[in-house]
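# Predicted coordinates and the sequence they were generated for:
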Amino acid sequence: MLKALLFVCVGAAVAAAWYATLPARAQDLPPAPAGLTQPVRGAIHVHSTRSDGTADVEAIAAAAARAGLQFVIITDHGDGLREPDPPRYLDGVLCIDAVEISTENGHVVALGLPESPYPLGGEGRDVLEDIARLGGFAIAAHPESAKTELRWTAWDLPLGGLEWLNADSEWRDESGWSLARALFTYPGRGTETLASLLDRPASALERWDNLTRSRRVVGLAGSDAHARIGLRSVGEPYDNNASSLHFPSYEQVFRLFSNALPGTTLTGNAEADSTAVITAIRAGHVYSTIDALAGPAAMSFSATSGSGMASFGDVLPLSGPVTLRIQVQAPPDAAVAVLKDGDVMEMRSGPQVELAAPEAPGVFRVEISLPGAPGQPAIPWMVSNPIYVGRDAAEPPTPARPRATTFAVLYKDGPVQGWVVEKSDAALGAIDVVKALPGTQISLRYGLGGAASASPYVAFVMPAGPDLQKFSQLTFIGRADKPTRLSVQLRDPIGSQGERWHRSVYLEPEPREVTVYFDDMTPRGATSRPQPDLATAQAILFVVETVNTPLGGNGTIWIDEIRYGR
Ligand SMILES: [Zn+2]
Ligand SMILES: [Zn+2]
């Protein structure tokens with residue numbers, strides 16, 4: 001009897017201690033005041049069993065419905081070859097299919113991307129060029145991942161957006177102790193436990209603020225939900241054979257934070273609603289909320305100058321004094337920080353904030369914080385996209401390099417001299433001279449046979465000639481029987497295999513002039529120097545490789561009017 005009583009007492013004490021360690025419950029907010037509409041909410045960057053997630057789309061939609069979301073964007077790892085599933089409503093949740101593409105510069109999430117004519121991959125600059133040509137929207141995924149190989153590294157490229165917050169990165173930077181504590185409290189208060197692992201991602205926010213000084217870049221909160229934590233896997237995609245815990249669940253991640261679209265109305269028509277959601281995201285008409293701290297959260301943010309008015313993500317031309325207005329559904333002790341060009345300009349509180357801003361160009365965004373929020377530094381509760389005051393609505397064009405004025409012709413008409421085909425064992429390649437209007441051109445036929453493990457390739461090799469070092473670029477007229485990426489390479493006969501540098505170019509059935517700048521080439525494999533030495537390079541290679549050509553694919557490329565220029 002005494003033993004039983006002791007057992008109950010100890011049990012109760014343990015339970016009380018456990019209960020005391022649970023993180024604070026999310027605050028329930030009253031309905032939003034008049035004039036403030038509840039936004040459409042959703043999760044972006046979600047993996048299903050199609051890649052390294054642990055649930056199918058139906059189960060993910062059900063989890064999103066339980067979490068109160070209206071849309072979810074599934075982004076399984078891929079190369080763009082799979083035609084995206086049409087958008088559909090499941091459990092009342094709009095499910096939009098998208099893709100996460102691995103590049104040499106990190107992972108990029110592409111929204112609104114149709115089926116690609118060839119596998120997307122290789123250098124980040126080429127993948128972004130392809131995504132843009134195909135009409136997609138590119139978001140740098142987990143830009144500050146603790147895993148350096150996953151981090152985005154090409155910040156000078158024209159990205160459409162970045163993840164200012166990535167849940168997967170947030171778990172990965174935690175110590176073993178805090179993860180163990182999280183596993184302990186998770187069964188009691190899952191969503192709040194996940195929130196306790198969040199910190200303000202200062203470097204990602206700083207990165208975003210630096211980028212928006214020169215171009216519009218949309219900030220998003222990426223769930224990166226897989227519903228697993230790999231114990232032995234080292235990166236993402238997760239190794240499906242590695243032991244992994246199905247933690248945290250999709251539902252808990254969906255309850256943790258969301259992306260809110262304040263100006264979007266869903267109609268029930270999946271096709272039209274998917275277009276509306278993606279259009280809103282592309283335009284930056286979005287803010288993020290950490291729903292595990294308090295909810296349902298809602299805010300509006302607008303700026304006026306003269307008769308002009310703008311909201312989240314928009315450009316506001318300067319035409320008089322600038323006034324910023326923020327309305328928020330928030331606990332009374334919430335702090336409203338207005339940032340200008342990445343620095344806090346004013347701290348306010350209250351549900352309505354109105355303030356004058358300098359009548360000068362500036363990028364303004366809002367961070368709203370709650371006292372006692374978790375993190376070192378504390379995670380902000382709401383983060384708006386910026387309003388770009390005094391900014392040209394057109395994005396700055398990529399500066400064009402001056403055209404060459406002096407040329408040396410390597411091929412115009414007639415037979416080719418010294419060209420050879422180099423290829424992997426099971427691949428095929430042939431060089432022919434064919435009639436063109438006028439004269440002739442070079443036809444390069446390829447068949448990329450062989451197993452993926454053999455990394456099939458076909459290279460058409462042209463002697464570089466003695467004058468290469470007098471020039472800065474290679475120019476040619478190129479076309480292909482279908483959209484194709486071609487790797488143009490310079491080879492220096494260093495070592496047994498030689499060293500190579502390259503620039504990938506895009507070809508299509510319509511002939512186009514292509515220019516490759518030698519100082520724009522990057523190493524292929526290990527090289528002893530970052531750029532080729534034009535004095536010793538001996539060959540120009542036109543290479544078809546598996547990075548951007550489907551295995552077993554074949555086709556023809558035509559090249560004409562090959563010239564060096566400077
Ligand atoms: Zn990733
Ligand atoms: Zn991912």
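Perfect, thanks for sending it. Ligands and ions are numbered 1, 2, ... in the order given.
# Identify the residue of the stretch 51-200 of the chain closest to ligand 1, quick one.
residue 107 (3.5 Å; CB to the ion). No exception for glycine: its C-beta is placed from N, CA and C like everyone else's.
# The nearest residue to that residue once chain neighbours are set aside and residue 159, how far apart?
Of all residues not flanking residue 107 in the chain, residue 141 sits nearest, at 4.1 Å (CB to CB, 6 or more residues apart in numbering). Distance, residue 141 to residue 159, by CB to CB, to the nearest Å: 11 Å.
# Now for the two: what residues contact both?
residue 108 (CB atoms under 8 Å, 6 or more residues apart in numbering).
# the more surrounded of the two?
A count of neighbours by other CB atoms under 10 Å puts residue 141 above the other of residue 141 and residue 159, at 30 against 22.
# Distance from stretch 544-552 to the middle of the chain?
Distance of stretch 544-552 from the chain centroid (CA atoms, centre = their mean, to the nearest Å) equals 23 Å.
# Pull up the distance across it, start to finish.
Terminal residues of stretch 544-552 are spaced 12 Å apart (CA to CA, to the nearest Å).
# Provide the contact partners of that stretch at residue level.
Contacts to stretch 544-552, defined as CB under 8 Å, 6+ apart, come from residues 81, 118-122, 126, 446-452, 455-459, 484-487, 504, 555, 557.
# same question, stretch 192-203
By CB under 8 Å, 6+ apart, stretch 192-203 touches 22-26, 144, 164-167, 169-171, 173-174, 178-179, 182, 185-186, 248, 252-253, 256, 290, 292-293, 374-380.
# Give me the secondary structure label for the residue nearest to residue 377 when sequence neighbours are not counted.
Leaving out its chain neighbours, the residue that sits closest to residue 377 by CB to CB, 6+ apart is residue 200, at 4.5 Å. Classification of residue 200 by DSSP: H, G, I helix; E, B strand; the rest coil places it in coil.
# ok, how many other residues are close to residue 200?
Residue 200, neighbours per other CB under 10 Å, totals 20.
# Equivalent analysis for residue 279, please.
Neighbours around residue 279, by other CB under 10 Å: 14.
# and what of residue 416?
Neighbours of residue 416 (other CB under 10 Å): 18.
# Please apply the same query to residue 486.
Neighbour number of residue 486 under other CB under 10 Å is 25.
# Next up, phi/psi of it, please.
phi -120, psi 130 (degrees, to the nearest 10).
# That one contacts residue 479, doesn't it?
No - if you go by CB atoms under 8 Å, residue 486 and residue 479 don't touch, sitting 10.5 Å apart.
# who touches both of these two?
In contact with both residue 486 and residue 479: 507, 557, using CB under 8 Å, 6+ apart.
# which SSE is the closest residue to ligand 1 within the stretch 251-400 of the chain in?
In the stretch 251-400 of the chain, the residue that lies nearest ligand 1 is residue 253 (14.8 Å; CB to the ion). Take DSSP states H and E as the rule and residue 253 turns out to sit in helix 250-256.
# which other residues reach that helix?
Taking CB under 8 Å, 6+ apart as the rule, helix 250-256 contacts 43, 46, 55, 59-60, 63-64, 66-69, 72, 167, 186, 190-191, 194-195, 198, 223, 225, 227, 248, 290-292.
# Over to stretch 82-96?
Contacts of stretch 82-96 (CB under 8 Å, 6+ apart): 42, 57-58, 60-62, 64-65, 69-74, 97-99, 111, 113-115, 266, 268, 270-271, 273-274, 277-278.
# Quick one: the strands in the stretch 301-450 of the chain, in order.
308-311, 315-316, 322-329, 335-340, 343-349, 352-357, 362-369, 382-384, 387-389, 407-411, 420-423, 428-435, 440-447 (DSSP state E, counting those that start in this stretch).
# hey, which of the ones you listed is tucked in deepest?
strand 382-384 (a mean of 28; mean count of other CB atoms under 10 Å).
# Contacts for it, please.
164-165, 205, 219, 221, 287-290, 297, 299, 301, 312, 328, 330, 365-368.
# does residue 353 have beta-bridge partners, and which?
residue 326 (DSSP bridges).
# Show the contacting residues for it.
324-328, 336, 338.
# Now do the buried residues in stretch 292-309.
Buried residues in stretch 292-309, counted by 16 or more other CB atoms under 10 Å: 292-305, 308.
# Nearest to residue 154, out of those: which one, please.
Using CB to CB, residue 301 comes nearest to residue 154 of the buried residues of stretch 292-309, at 30.0 Å.
# check contacts around the closest one.
Contacts of residue 301 by CB under 8 Å, 6+ apart are 287, 311-312, 324-326, 366, 384, 387.
# could you redo the residues you listed as a markdown table and give each row pLDDT and distance to ligand 2?
A markdown table is the format used below for the contacts of residue 301 (pLDDT from 0 to 100; distance: CB to the ion, whole Å):
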| residue | pLDDT | distance to ligand 2 |
| --- | --- | --- |
| 287 | 98 | 22 |
| 311 | 97 | 29 |
| 312 | 97 | 25 |
| 324 | 98 | 34 |
| 325 | 97 | 36 |
| 326 | 97 | 32 |
| 366 | 98 | 27 |
| 384 | 98 | 24 |
| 387 | 98 | 29 |
